[in-house]
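*Asks:* Fold the following.
(chains A, B, C and D)
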There are 2 protein chains.
Amino acid sequence: MGIQERKEREKEQRREEILNAAQKVFFEKGLQLATMDEIAEAAELSKGTLYLYYKSKEDLYLAVLVQGMETLRGMFAKATSTDQPTVERIKNLGTAYSDFFDSHRHYFRMFSFFEHPEFHKQVSSEMLNACAVENQKIWKLVVDLLDKGIREGVLRTDLDPAEMAVMLWISLSAILVRIDNQCDDFKNRLNVDLRDLYRKSSDLFLESLMTQEAKQKFGLAVFGR
Amino acid sequence: MGIQERKEREKEQRREEILNAAQKVFFEKGLQLATMDEIAEAAELSKGTLYLYYKSKEDLYLAVLVQGMETLRGMFAKATSTDQPTVERIKNLGTAYSDFFDSHRHYFRMFSFFEHPEFHKQVSSEMLNACAVENQKIWKLVVDLLDKGIREGVLRTDLDPAEMAVMLWISLSAILVRIDNQCDDFKNRLNVDLRDLYRKSSDLFLESLMTQEAKQKFGLAVFGR
DNA sequence: CGTATCAACTGACCGATAGTCATTCATTGA
DNA sequence: TCAATGAATGACTATCGGTCAGTTGATACG
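*Replies:* Got it, this is the predicted structure:
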């Protein structure tokens, strides 16, 4: 049945059109201020139709979010697939994250939605699962690289790679969130340049994870960039 | 005029009654699911009256939040006003924060509201300022202690105390947020115990901020707790 | 063809809820 | 006693997420 298949394709396309319209509106307004009527208008469909494709506003938001996660994963994959030494590749991850932050700020902002479980109420389990799967892939990428570092003897062995990954990721994410929100506050009230702090934290963290030998070999110039 | 004063007092009292009612409801429901009607009922007032005392729902939320910040500052002050060496006092800060997280979870959850500037839209500048002031006091407490550590020669001198404070605070906060939200996810998907990681991160961070001499003197048993 | 079927789509409608404001009520002070 | 003040009220409005009975148009079939 060619017709069946065409319908499938068309349906998938519709889903994507809605997704693009939603992305446009969410990027402009954020979750709270975006309205389903507005998204419907952007998609040139009626509001009711949106609900044939996505369970709720939050579900649609998560669908856009997943695209952001895919983008980030692509950038991470590229940053770590060089032929540099492992320590350098780990550094690349830090800069890749910072690059993602600069070039896909809207996606980055959406990520923090995930940390507010208060807003997960209206989200379908399928969409939550899609997020979890994509999330998992990103973690795997980072953890594998750190694991490589441990096996090569450049990273300390008393922490497991997943622990290291979580520490690094969470800390750097948290700084970026503040750069986005409160950069001026930190500058004015504490005279701290968060951009600078991001680099320093990356270095400091990496240094504290490296073995003595690796530190000598790679002569990590902390705060030297 | 005694009457004038009495009215002032009564008005202040009303304000507080509303605040208490709001706290109760916000603790139970969170910002999104709490309704002004519900808060009004809890305060035994009509909804309209709430708006005579607070500009918006978000404003009221921030007012409760400030109370939480005061509570945290109290715990921090207590933790750092011992006669122990500075390094120990810094450690105390980390455990105090963790204690606050355990004993005032609802307040802690509210803190992350502050990181969503999307929700700052409806907040009065007065209330934002009240938050900033209280926030400032907490930072000062931490920064002063770290500064003491630097002057005593137990902390490295190539980072300023505000930078150290921001690194520590942001990283530890970020881990606690995840403990609150996604603790099981991290356990199941990455086999990482975030509680454990919090302690390890505290230690690792402190170690990386200490001078060689201090590390020897205080023999920081990293991951030894 | 004509007609039955069906899925995609629509948009008027509903319920919930933040915020407003004309009115009521109580206190005060002359 | 009563006008003036201002605190409190709650019915009302506007907005918005989500629903569903009805419409449309393409397809399948007799």
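*Asks:* Could you use CA atoms for every contact and neighbour count after this?
*Replies:* OK.
*Asks:* Now do the residue in chain A positioned nearest to DNA strand C, the pLDDT please.
*Replies:* Per CA to the nearest atom of the strand, A:Gly48 is where chain A lies closest to DNA strand C, at 3.1 Å. pLDDT recorded at A:Gly48 is 96.
*Asks:* buried stuff in whatever helix or strand it lives in?
*Replies:* Assigned by DSSP states H and E, A:Gly48 belongs to helix A:47-53. By neighbour count on 16 or more other CA atoms under 10 Å in any protein chain shown, the buried set for helix A:47-53 is A:47, A:50, A:53.
*Asks:* export it as CSV, just CAs?
*Replies:* In CSV, the C-alpha atoms belonging to helix A:47-53 read as follows (Å, rounded to 0.1, in the frame of the first residue of the first chain):
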residue,chain,number,x,y,z
LYS,A,47,-4.9,24.4,18.3
GLY,A,48,-6.8,21.2,18.4
THR,A,49,-4.6,19.6,15.8
LEU,A,50,-1.5,20.2,17.9
TYR,A,51,-3.0,17.9,20.5
LEU,A,52,-3.4,15.1,17.9
TYR,A,53,0.4,15.1,17.7
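*Asks:* what does chain A put close to DNA strand D?
*Replies:* A:1, A:3, A:32-37, A:47-49, A:51, A:55-58, A:122 (CA under 7 Å from any atom of the strand).
*Asks:* Please flag which of the residues you listed sit within helices.
*Replies:* When DSSP state H is applied, the residues of chain A next to DNA strand D are split such that A:3, A:32-33, A:36-37, A:47-49, A:51, A:57-58 fall in helices.
*Asks:* and chain B, which of these reach it?
*Replies:* Near chain B, judged by CA under 8 Å from any CA of the partner chain, the entries from those are A:Gln32.
*Asks:* wait, which of the ones in helices among the residues of chain A next to DNA strand D is closest to B:Leu19?
*Replies:* Of all those, A:Gln32 has the smallest distance to B:Leu19: 24.5 Å, by CA to CA.
*Asks:* what's near enough to touch the closest one?
*Replies:* A:Gln32 makes contact with B:118-119, according to CA atoms under 8 Å, 6 or more residues apart in numbering or on different chains.
*Asks:* ok so, going back, just the buried residues from the residues of chain A next to DNA strand D, in ChimeraX please.
*Replies:* ChimeraX command restricting the residues of chain A next to DNA strand D to the buried ones, with burial defined by 16+ other CA under 10 Å:
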select /A:34,35,36,47,56,57,58
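*Asks:* List, one by one, the residues from chain A near DNA strand C.
*Replies:* Residues of chain A found near DNA strand C (CA under 7 Å from any atom of the strand) are A:7, A:11, A:14, A:44-49, A:52.
*Asks:* now with 6 Å?
*Replies:* Residues of chain A lying close to DNA strand C (CA under 6 Å from any atom of the strand) are A:45-49.
*Asks:* Let's have the ones in helices among the residues of chain A next to DNA strand D in CSV, adding distance to A:Leu190.
*Replies:* Converted to CSV, these look like this (distance: CA to CA, whole Å):
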residue, distance to A:Leu190
A:Ile3, 64
A:Gln32, 31
A:Leu33, 32
A:Met36, 41
A:Asp37, 43
A:Lys47, 47
A:Gly48, 49
A:Thr49, 50
A:Tyr51, 47
A:Lys57, 38
A:Glu58, 36
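*Asks:* Give the buried residues for the lowest-mean-pLDDT helix or strand in chain A.
*Replies:* Least confident helix or strand, chain A: helix A:212-218 with a mean of 85, by mean pLDDT, DSSP states H and E. Counting neighbours by 16+ other CA under 10 Å, one finds that the buried residues in helix A:212-218 are A:214-215.
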